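> Sequence first, predicted model second:
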Amino acid sequence: MAEEPKILATIPRNATEQVQISINSYKDKKYLDLRIYYTTDDGGTWLPTKKGVTVSPDNLILLKDAVEEAMQELLTVEEE
């Protein structure tokens, strides 16, 4: 039986779309999944799209560093 994904965060995009960040497993290997979900019933049910990216544990540090760099640059721009 497949393990249920662990949702870490949900980021709204608009009234019918959101990005879900979760930890999923496939063939007993865990990975980070960032995927766009959509709804057609006012948020009662969210369904995954093919639009997304999976990140293996080996690349998490690279992703973390890139997000930190983006935050530094974007937050600095907002303050100017």
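Sure thing, it's come through. Numbering: from 1, shown residues only.
> Quick one: residues contacting the nearest residue to residue 17 once chain neighbours are set aside.
Spatial nearest neighbour of residue 17, chain neighbours left out: residue 38 (5.3 Å); criterion: C-beta to C-beta, 6 or more residues apart in numbering. Quick note: C-beta positions are derived from backbone N, CA and C, even for glycine. The neighbours of residue 38, taking C-beta atoms under 8 Å, 6 or more residues apart in numbering as the test, are 16, 17, 46, 47, 49.
> Could you give me the ChimeraX syntax to select whichever of these are buried?
In ChimeraX syntax, the buried subset of those is picked out as below (16 or more other C-beta atoms under 10 Å):
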select :46
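> for the contacts of residue 38, which one is nearest residue 23?
Using C-beta to C-beta, residue 46 is the member of the contacts of residue 38 that lies nearest residue 23, at 16.8 Å.
> The closest one is in contact with residue 37, isn't it?
Yes. Taking C-beta atoms under 8 Å as the definition, residue 46 is a contact partner of residue 37 at 4.2 Å.
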